[in-house]
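1. Coordinates for the following, if possible.
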Amino acid sequence: MSTPLPIARTLALFAATAVAEIVGCYLPYLWLRRAGSAWLVAPAAVSLSVFAWLLTLHPASAGRTYAMYGGVYVAVAVVWAFLVEKQQPDRWDLFGASVSLLGMAIVAFAPR
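-> Numbers count the residues shown, from 1 in each chain. Next up, the predicted model:
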């Protein structure tokens, strides 16, 4: 990373980025697959705009940021499935999310 960020702040920023993306994609899903209102598209667009803006706050290059973000996204998606969709994660969900976070940590916090 070009400007080191504290670990907790980095993880919080990635988590907020992931939530913004998931909300931006989940709302149209509700509209298209669950007979929700078409009005869900407006807040989805706002959420996806926030997602794109949050990605710009990460100090690493775009490619490295996307690589790190992907690891956090997997973990946040597993938490989302549990909290919002009431799907109990199994050991493979948890293992996969852990491996993804480990990969993110290697890319984000390796000495450069």
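2. ok, which stretches of the protein are helices?
-> Here the chain has its helices, by DSSP state H, at 7-33, 41-56, 62-83, 91-109.
3. Mind pulling up the pLDDT for Arg9?
-> For Arg9, the model assigns a pLDDT of 87.
4. Next: the one 3 residues further on.
-> Ala12 carries a pLDDT value of 91.
5. ok, now Arg64?
-> Each residue has a pLDDT score; the one for Arg64 is 87.
6. Hmm, it is touching Val107, no?
-> Yes - in this structure, Arg64 is within contact of Val107 by C-beta atoms under 8 Å, at 6.3 Å. Any C-beta I mention is one placed from the backbone N, CA and C, and that applies to glycine too.
7. circling back to that earlier point, Throw the helices of the chain into JSON lines and include mean neighbour count, thanks.
-> Shown next, in JSON lines, are those (neighbours: other C-beta atoms under 10 Å):
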{"stretch": "helix 7-33", "mean neighbour count": "17"}
{"stretch": "helix 41-56", "mean neighbour count": "15"}
{"stretch": "helix 62-83", "mean neighbour count": "17"}
{"stretch": "helix 91-109", "mean neighbour count": "15"}
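8. and the residue nearest to the spatial centre of the chain, how far is that from Met104?
-> With distances taken as C-alpha atoms, centre = their mean, Ala18 lies nearest the centre of the chain, 1.9 Å away. Distance, Ala18 to Met104, by C-beta to C-beta, to the nearest Å: 11 Å.
9. Just want to check the distance between the residue located most distally from the centre of the chain and Lys86.
-> No residue in the chain sits farther from the centre than Ala35, which is 25.2 Å out by C-alpha atoms, centre = their mean. Using C-beta to C-beta, one obtains 19 Å as the distance from Ala35 to Lys86.
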